[in-house]
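Visitor: sequence plus predicted model, see below.
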Amino acid sequence: MLSFSLTLLRHGETQYNKDKLLQGMRSTAEIILRNNVQSSNVEIVLDPLLRERGFGVAEGRPKEDLKNMANAAGQACRDFTPPGGETLKEVKTRFQKFLKSMFQRMIDDHCQAGQLACPSTCPAPSVSPQPMVAGFADDGVADLPIHALVVSHGAYIRVAVRHLVDELHCSLPAGLKMNHIYSACPNTGICRFIITLDIGENGPQPSVVHCVFINRRDHLATLKDSD
């Protein structure tokens with residue numbers, strides 16, 4: 001088995017965000033690594049599976065237009081698919097494909113080739129069922145040597161979190177409310193999970209998924225204080 005942390009980060013605020021326009025891909029991951037000396041040699045993998053949900057005819061238009069379209073169709077805005085847009089099911093399928101490729105890469109990079117048929121021989125640090133969260137960058141993952149940082153978009157991350165919680169049966173921290181789990185991730189908001197993989201007949205599969213926190217935004221308070 002193999003355990004690693006998965007941190008989902010929404011991109012930083014863009015001009016489209018300020019103008020409340022629907023948008024596509026951004027370069028937050030490059031900015032993070034460029035300003036973090038401990039991660040200066042980390043490889044960036046650009047994956048189109050992580051792009052934002054496609055909004056069809058509403059792309060590049062004000063979010064209010066999408067709300068009006070949804071209201072006219074008698075649907076909630078977050079569930080509505082504008083003409084030419086991508087359904088939530090299609091976004092989930094993309095995330096599932098991404099997870100599958102990431103799981104395989106983790107095994108390829110961190111388990112010896114001769115041990116793939118015996119996952120129990122791969123290193124798996126012990127993980128507390130309730131990792132401590134004290135406001136630090138390494139909350140919940142200080143003892144884990146393997147980490148994956150995924151930078152994506154608000155609608156995509158909401159679908160990803162829902163899949164991890166609802167379909168992969170992720171365990172949750174005590175006291176975490178469901179309306180917080182399914183709420184929108186703010187710009188630069190962070191979600192963190194610890195995933196343990198086993199290798200079965202269909203390749204690496206998650207045997208245990210634990211949530212450390214969802215939609216964390218306490219670092220934004222520090223920025224407000226410095227304004």
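Guide: Great, that's in hand.
Visitor: state which helix of this protein is the longest.
Guide: Counting by DSSP state H, the longest helix found in the chain is helix 88-110.
Visitor: what helices or strands is it leaning on?
Guide: strand 2-10, helix 154-162, strand 190-200, strand 203-216 (3 or more C-beta pairs under 8 Å, 6 or more residues apart in numbering; DSSP states H and E). C-betas here are computed from N, CA, C, even on glycine.
Visitor: what's the angle from the third one to helix 154-162?
Guide: Relative orientation of strand 190-200 versus helix 154-162 (axes from the mean of the first three to the mean of the last three C-alpha atoms, to 10 degrees): 50 degrees.
Visitor: mind checking how far stretch 54-70 is from the chain centre?
Guide: 23 Å (C-alpha atoms, centre = their mean, to the nearest Å).
Visitor: and that stretch, how far apart are its ends?
Guide: 15 Å (C-alpha to C-alpha, to the nearest Å).
Visitor: shouldn't residue 146 be in contact with residue 6?
Guide: No: contact criterion C-beta atoms under 8 Å: residue 146 and residue 6 do not qualify, at 10.0 Å.
Visitor: looking at the two, which is more packed in?
Guide: Set side by side, residue 146 and residue 6 show more neighbours around residue 6, with 22 against 16, by other C-beta atoms under 10 Å.
Visitor: state the distance from the more buried one to residue 99.
Guide: According to C-beta to C-beta, to the nearest Å, residue 6 and residue 99 sit 9 Å apart.
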